[in-house]
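> Need a 3D model of the sequence below.
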Amino acid sequence: SLGLLGLILGFTGLADFSQWGNEYYQAAVKSMMGGWDNFFFGSLDSTGFISVDKPPLGLWLQTISAQVVGFGTFALVLPQVLGMVISSLLIYKILQKRLGLWAGIMGGLLFLFTPIVVAASRNNTMDMVLLAFLVGSIYAVLQGVDEKKPLWTLGAFALIGLGFLTKMLQAYTVLPAVLAVVLLARNWTWGQKGLYTALGLTVTLLVSFSWIWAVDLTPEELRPWVGSSSSNSTLELVFGHNGITRILGASQSMAPSGTMLWETGEPGLIRLWNRSMIGQGSLFLLSALLLGMSMIPLVWQKSADKAQRNLLIVSMAWLIPLFVYFSFSGGLMHRYYLVLLAPAIALIIPLGVGHWKSQPVGGIMITLAALAALGTAAACLIYEWSWEGSLPIVLILVVLALSAGGFYLWKGTSPGLWRLIIALLMVVPMSWSLTPLLYSENRVLPYAGPELAAGASSDRPRVFGFTQETKPGPGPAIGAGTMNTTGLPPGPPN
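Predicted coordinates:
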């Protein structure tokens, strides 16, 4: 099952946490286990002097896990792995209900075999917990819009608020998708749409800022100083360090060159396909964009299936803004942020295949989408990497996909053939998603794919081992290292 596969990918071969965890969040959890005040305020140190620079929901889950099973690698990674598993199951359920069993399985596997999803889930950063809330909001809003159930819709907005309590403004990246599908729904009047939108946004703000207001209304002498703020205010943290500062890139001075471009590359239209980014989660991005854009006319077609139309709207309204932002942003950005792209890609591709496989030109579209992925992988491997054995495999898969696509066109519609094409497509991301299991990675800024394999120590792979020597990935491990002069653990990964 998808759940079991997710658990295997998440836990297999995890090294000792001294090699695989972020010490900043690790110290916070240890402190939060020491008392209710430290737990509620997210105190970084046991004395309650200063808090972490994130809202506490993700760390609350890690603390509860550590209290139940004991402080250690398993406890701290468990919420992230469960976030990955829950997200994959929700993606499966969304697709299975609208397109059938094979579409659900395809979407779940596309998500689980996204390399950066695997890498992020094996770390104590909270991005996979955030993602579970965001995918949950997509599931809920589709339930609400498809079946005219306003409470489900309001639940979607509440889940976005919980995402905010995990990683602040990052959670609002899904808001355009939720708002778009509500406002473009065909089974509600404009008055109902306006009402549900207003109520939903109110719910999101109330849930989002509940903890923020609770902290700021607490007398300063009764709580820790708000970390990464200059005025001891969580509102400043939201709109400063974790808001405008991050978007405009003022925090990038932490890196030696004054930017984080060593990790993500120069901003531009093809940024997400450069050496550092393609192996994280962009392999199927071009395929998703191609299939999604080709289905845009469904939004205006009166005869379009209502549920599939809503799924297309919500998926594309999530994917396009993220694609534009990640491509052109000059602000602070890390590779593991690309986990946000994975659910939308995993939803769009099965939807596109399900739509086009019954159309007269469906074979052409599916073959083009397959070549978009395999061609991208082949080109990048030719120009960027010399990962042993991968280029011949990709080229063979291109030939097989072309052959299967041609036979598909010649013989007509055949479910077995398009399933074969999809199976061939999965070989490349599956092999890339295994790199966090086989090689050592940067414990503070997780990443995966061919670059991880190429930069790792080839004579010391971590094949289900716990004590292999590691070789750090490219760039500095921001936040890693020994205790600093303040006696506090190293800084956050941002």
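> so where do the strands sit in the stretch 201-350 of the chain?
Under the criterion DSSP state E, counting those that start in this stretch, the stretch 201-350 of the chain contains no strands.
> Need the mean per-residue confidence for the helix or strand in which residue 146 is found.
Residue 146 is part of helix 127-147, with elements assigned from DSSP states H and E. Regarding helix 127-147, the rounded mean pLDDT is 96.
> Next, the buried residues of the helix or strand just after it.
Along the chain past helix 127-147, the next helix or strand (assigned with DSSP H and E) turns out to be helix 150-167. When burial is assessed from 16 or more other C-beta atoms under 10 Å, helix 150-167 yields the following buried residues: 150, 152-167. Using the backbone N, CA and C atoms, a C-beta is placed for each residue, glycine as well.
> related to what we said a few turns ago, now do the helix holding residue 146 and helix 150-167, the angle between them.
When axes from the mean of the first three to the mean of the last three C-alpha atoms, to 10 degrees is applied, the directions of helix 127-147 and helix 150-167 differ by 170 degrees.
> Can you tell me the closest non-neighbouring residue to residue 368?
With sequence-adjacent residues excluded and distances taken as C-beta to C-beta, 6 or more residues apart in numbering, residue 368 is closest to residue 290, at 6.4 Å.
> what's the neighbour count on that neighbour?
Residue crowding around residue 290 was assessed by other C-beta atoms under 10 Å; the count is 19.
> now do the one 3 residues further on
Counted with other C-beta under 10 Å, residues neighbouring residue 293 total 13.
> Wait, the residue nearest to residue 368 touches residue 371, no?
No - between residue 290 and residue 371 there is no contact, the gap being 9.7 Å when judged by C-beta atoms under 8 Å.
> May I have the residues that are in contact with residue 113?
Contacts for residue 113 were tallied using C-beta atoms under 8 Å, 6 or more residues apart in numbering; they are 426, 429-430, 432-433.
> Relative to residue 42, which of those residues is nearest.
Proximity of the contacts of residue 113 to residue 42 was ranked by C-beta to C-beta; the top entry is residue 433 with 31.4 Å.
> The closest one: how many residues sit nearby?
Here the number of neighbours of residue 433 (other C-beta under 10 Å) works out to 24.
> where's residue 86 relative to residue 143, distance?
Here residue 86 is placed at a distance of 16 Å from residue 143 (C-beta to C-beta, to the nearest Å).
> Give me the pLDDT for the nearest residue to residue 165 once chain neighbours are set aside.
The spatial neighbour of residue 165 that comes closest, neighbours along the chain excluded (C-beta to C-beta, 6+ apart), is residue 57 at 4.0 Å. Confidence at residue 57, expressed as pLDDT, is 94.
> mind checking the SS state of residue 124?
Three-state call for residue 124 (DSSP: H, G, I helix; E, B strand; the rest coil): coil.
> So it is in contact with residue 25, correct?
Yes - A contact is recorded between residue 124 and residue 25 when judged using C-beta under 8 Å, the distance being 5.0 Å.
> what is in contact with these two at once?
Shared contacts of residue 124 and residue 25, defined by C-beta under 8 Å, 6+ apart, comprise 62, 76.
> who are the neighbours in contact with residue 342?
Taking C-beta under 8 Å, 6+ apart as the definition, contacts of residue 342 comprise 110-111, 114, 116-117, 131, 281.
> That one and residue 294, how far apart?
From residue 342 over to residue 294 the distance is 21 Å, taken as C-beta to C-beta.
> next one: residue 194
With C-beta to C-beta as the criterion, residue 194 and residue 294 are 32 Å apart.
> Repeat that for residue 341.
19 Å.
> Of the two, give the one with the bigger neighbour count.
Between residue 341 and residue 294, counted using other C-beta under 10 Å, residue 341 has the larger neighbour count: 25 against 17.
> thought the more buried one was touching residue 319?
Yes - Residue 341 sits in contact with residue 319 when judged by C-beta under 8 Å, with a separation of 6.8 Å.
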